[in-house]
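Trainee: have a look; sequence and predicted model below, questions after that.
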Number of protein chains: 2
Amino acid sequence: MFQQLGLIGCGMMGGSFALALKRAGLVKRVVGYSKSPSTTDRARQMGVIDVEAPSALLAVSGADIVLIAVPVAATEATFKSIKHLVTTNMLIMDVGSTKRDVVDASRRALREQVGCFVPAHPIAGKELSGVENADVDLYVGRQVVLTPIDRTGAVQVQQAVDLWSALGCRVVKMAPEAHDAAFAAISHLPHLITFALMNAITGQSAGKDFLSLAGPGFRDFSRIAASEPTMWRDIMLSNREELLLQSKQFQQALQALELMIQNGNGDALLERIEHASATRANWSMSKQQQ
Amino acid sequence: MFQQLGLIGCGMMGGSFALALKRAGLVKRVVGYSKSPSTTDRARQMGVIDVEAPSALLAVSGADIVLIAVPVAATEATFKSIKHLVTTNMLIMDVGSTKRDVVDASRRALREQVGCFVPAHPIAGKELSGVENADVDLYVGRQVVLTPIDRTGAVQVQQAVDLWSALGCRVVKMAPEAHDAAFAAISHLPHLITFALMNAITGQSAGKDFLSLAGPGFRDFSRIAASEPTMWRDIMLSNREELLLQSKQFQQALQALELMIQNGNGDALLERIEHASATRANWSMSKQQQ
């Protein structure tokens, strides 16, 4: 049980966290700050936060738990703006989709207080953003990846595990690098691929005609291409090393298939397609992801 | 109205065609042949066909309409086996996903009778194959692409348009090359990409762990990776030229994005993601595809 949540970023992710914490009776008071005053105002009117803070720093003042729910690119600036009021017994978390950059930023900005910070990635989201779309059930049944480092306080890690578990999440712990490699492979690269394919198609004179023939397979495959551009630019730049590494491995696998096609090597091609097809057919989302 | 349909290949696609033609009152009698006698037998028991033919050639005997619904790789052999009973007033169609190879095979095998053949690609399908999964409604509301060539009979083209329209399809005519380029871009390449990505992930020691974290975005993106391997090997080999051309253009678009990521060129990256995202957000399947 916490006394006061300092919520920095009152959007869909942060707002949903505040609502869930309140419903679970895990916090007494929520003090919120958003870059846009109208967002903070709306969050208060909606009961997502109890008190508006005039700055990120003042949202931290008096808090025993802090959630940073800002775009990944703004995380380091947020750490810097709050560091003077961070105390060693606080629990600070983020909700970002990349972790190594956030961990690096926390080391640089928080220095000796870095032990308070438990990097967190709740695997939840909606196409819709903004506090209007805050949802008390957003995190129920989801996976949350925590990526503590050696210097992270054991007390804070346990608090984080207990808190997300109490919200109905399955908590997974891994190294920041392992997290970033995994999400590069299963999320960031698929997004990059669909962006590239849409661009490759529209770059051809008959591209529009091509698209008019596309059916359900294309619809599902390309759905993630319609994701929010700014967020994905930030994720791709933040996780560039792992993403480029995964993209390289993907292109090697693709070029191996191309060579079999070029050479008419049907047996080898069939073996590789069978392997891919069986892997996908045997895969299922963990229950927490459904 | 046709007197007799010669159905070569009594699987899901062919069986559905026979059922739909019968329901629409467009044919009096269906004579069917399948490579596997048990399939032909089952088709007769199910009422998909009326009479079993002991060979592809004999399925054509006395027919005024013939549907070749065999795997793409078996199309040329089928043409050869039936050519002696093909007459100039017949309508012959196929249902294959690639068209240039089928057109080439028809020229080689049918020679002066090539005018009877109207290459057809009904854009319909299910994960399930086999005559057990024949569905009288399979083609209702779907697009059918016809790719006639100069030598195709005008009468046969009109018959084909009328027939598919009567089954509730939207008929589109285009050149075989344009068809193959379009389907390479919107269907064959997406399949190839997802096969390559599954292989790239499972080729890494942590690949299984990666997959355990994947969520709804990955689920939809990768659904087509579970497609039937033999069919996809055949499609990829049949349409290799257009597929490799599309794959090259895709990789150029991907590498352009990679360079922006590598160089931290956020503005250019955002512009390209916005373009892709807007294209996908504004795209919708034609009603016939839903």
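Mentor: Okay, I see it.

Trainee: buried stuff in stretch A:113-128?
Mentor: A:113-125 (16 or more other Cβ atoms under 10 Å in any protein chain shown). (Glycine included, C-beta is placed from N, CA and C.)

Trainee: near chain B, from these?
Mentor: A:Ile123 (Cβ under 8 Å from any Cβ of the partner chain).

Trainee: which helices and strands sit right next to the helix or strand A:Ala43 falls within?
Mentor: Secondary structure from DSSP states H and E places A:Ala43 in helix A:37-45. The contact analysis (3 or more Cβ pairs under 8 Å, 6 or more residues apart in numbering or on different chains; DSSP states H and E) places helix A:37-45 against strand A:27-33, strand A:51-52.

Trainee: export those to JSON lines and tack on mean pLDDT, mean neighbour count and distance to B:Val31?
Mentor: Conversion of the helices and strands packed on helix A:37-45 to JSON lines gives the following (pLDDT from 0 to 100; neighbours: other Cβ atoms under 10 Å in any protein chain shown; distance: least, Cβ to Cβ, whole Å):
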{"stretch": "strand A:27-33", "mean pLDDT": "98", "mean neighbour count": "23", "distance to B:Val31": "75"}
{"stretch": "strand A:51-52", "mean pLDDT": "97", "mean neighbour count": "16", "distance to B:Val31": "79"}
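
Trainee: right, and the ones you listed - which one's nearest A:Ala181?
Mentor: strand A:27-33 (33.0 Å; Cβ to Cβ).

Trainee: how far does that closest one sit from its chain's centre?
Mentor: 22 Å (Cα atoms, centre = their mean, to the nearest Å).

Trainee: A:Ala74 - that's part of a strand, no?
Mentor: No. Assessed with DSSP: H, G, I helix; E, B strand; the rest coil, A:Ala74 is helix; it does not lie in a strand.

Trainee: returning to what we had before: now, the buried residues of stretch A:113-128 that are in strands?
Mentor: Judged by DSSP state E, the buried residues of stretch A:113-128 include A:117-118, A:120-122 as members of strands.

Trainee: hmm, which two among these are most spread apart?
Mentor: A:Phe117 and A:Pro122 (15.7 Å).

Trainee: would you list every one of the helices in the stretch 1-150 of chain A?
Mentor: Applying DSSP state H, counting those that start in this stretch to the stretch 1-150 of chain A gives helices spanning A:12-23, A:37-45, A:56-60, A:75-82, A:100-110.

Trainee: for the spatially closest residue to A:Phe17 that is not a sequence neighbour, what are its contacts?
Mentor: Once flanking residues are discounted, A:Phe17 sits nearest to A:Leu67: 5.5 Å by Cβ to Cβ, 6 or more residues apart in numbering or on different chains. Contacts here follow Cβ atoms under 8 Å, 6 or more residues apart in numbering or on different chains; on that basis A:Leu67 touches A:5-9, A:14, A:17-18, A:92-95.

Trainee: now pLDDT and neighbour count too, for those residues, in a markdown table please.
Mentor: Below are those laid out as a markdown table (pLDDT from 0 to 100; neighbours: other Cβ atoms under 10 Å in any protein chain shown):
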| residue | pLDDT | neighbour count |
| --- | --- | --- |
| A:Leu5 | 98 | 26 |
| A:Gly6 | 98 | 28 |
| A:Leu7 | 98 | 30 |
| A:Ile8 | 98 | 29 |
| A:Gly9 | 97 | 29 |
| A:Gly14 | 97 | 28 |
| A:Phe17 | 98 | 31 |
| A:Ala18 | 98 | 27 |
| A:Ile92 | 98 | 27 |
| A:Met93 | 98 | 25 |
| A:Asp94 | 98 | 29 |
| A:Val95 | 96 | 25 |
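
Trainee: keep only those of the residues you listed that are in strands.
Mentor: Taking DSSP E as the definition of strands, these contribute A:5-8, A:92-94.

Trainee: of these, closest to A:Leu146?
Mentor: Checking the ones in strands among the contacts of A:Leu67 one by one against A:Leu146 (Cβ to Cβ), the nearest turns out to be A:Met93, at 8.4 Å.

Trainee: who's in contact with the closest one?
Mentor: A:65-68, A:117-120, A:160.

Trainee: which of those sit farthest apart?
Mentor: Maximum distance among the contacts of A:Met93 (Cβ to Cβ): 14.8 Å, for A:Ile65 and A:Pro119.

Trainee: confirm that A:Thr152 sits in a strand.
Mentor: No. Using three-state DSSP, the assignment for A:Thr152 is coil, not a strand.

Trainee: that one and A:Ser106, how far apart?
Mentor: 9 Å (Cβ to Cβ, to the nearest Å).

Trainee: neighbour count for these two, which is higher?
Mentor: For A:Thr152 versus A:Ser106, neighbours defined as other Cβ atoms under 10 Å in any protein chain shown are more numerous around A:Ser106 (27 against 20).

Trainee: pLDDT score assigned to the more buried one?
Mentor: Note on A:Ser106: pLDDT of 97.

Trainee: in stretch A:194-206, what's buried?
Mentor: Neighbour-count burial for stretch A:194-206, counted by 16+ other Cβ under 10 Å, picks out A:194-202, A:204.

Trainee: circling back: farthest pair in the ones in strands among the contacts of A:Leu67?
Mentor: Taking Cβ to Cβ as the measure, those have their most distant pair in A:Leu5 and A:Asp94, spaced 13.8 Å apart.

Trainee: re the thing from before, okay, and the beta partners of the residue nearest to A:Phe17?
Mentor: A:Leu7, A:Met93 (DSSP bridges).

Trainee: report the separation between it and chain B.
Mentor: Distance, A:Leu67 to chain B, by Cβ to the nearest Cβ, to the nearest Å: 21 Å.

Trainee: contacts for the biggest helix by length in chain A, please.
Mentor: Using DSSP state H to define each element, chain A has its longest helix at helix A:240-262. Applying Cβ under 8 Å, 6+ apart, the contact partners of helix A:240-262 are A:100, A:177, A:180-181, A:183-185, A:188-189, A:192-193, A:236, A:265-266, A:268-269, A:272, B:192-193, B:195-197, B:199-200, B:203-204, B:236-237, B:240, B:243-244, B:247, B:251, B:254, B:258, B:261-262, B:264.

Trainee: how about a cut-off of 7 Å?
Mentor: Here helix A:240-262 makes contact (Cβ atoms under 7 Å, 6 or more residues apart in numbering or on different chains) with A:180-181, A:184-185, A:188-189, A:192, A:236, A:268-269, A:272, B:192-193, B:195-197, B:199-200, B:203-204, B:236-237, B:240, B:243-244, B:247, B:251, B:254, B:258, B:261-262.

Trainee: can you say which of those are buried?
Mentor: Buried among those (16+ other Cβ under 10 Å): A:180-181, A:184-185, A:188-189, A:192, A:236, A:269, A:272, B:192-193, B:195-197, B:199-200, B:204, B:236-237, B:240, B:243-244, B:247, B:251, B:254, B:258, B:261.

Trainee: ok, and the closest non-adjacent residue to A:Phe183?
Mentor: A:Ser97 (6.5 Å).

Trainee: distance check, the spatially closest residue to A:Asp234 that is not a sequence neighbour against B:Gly264.
Mentor: Leaving aside its sequence neighbours, A:Asp234 sits nearest to A:Ala73 (Cβ to Cβ, 6+ apart; 4.4 Å). For A:Ala73, the distance to B:Gly264 equals 11 Å [Cβ to Cβ].

Trainee: same question, A:Ser227
Mentor: 20 Å.
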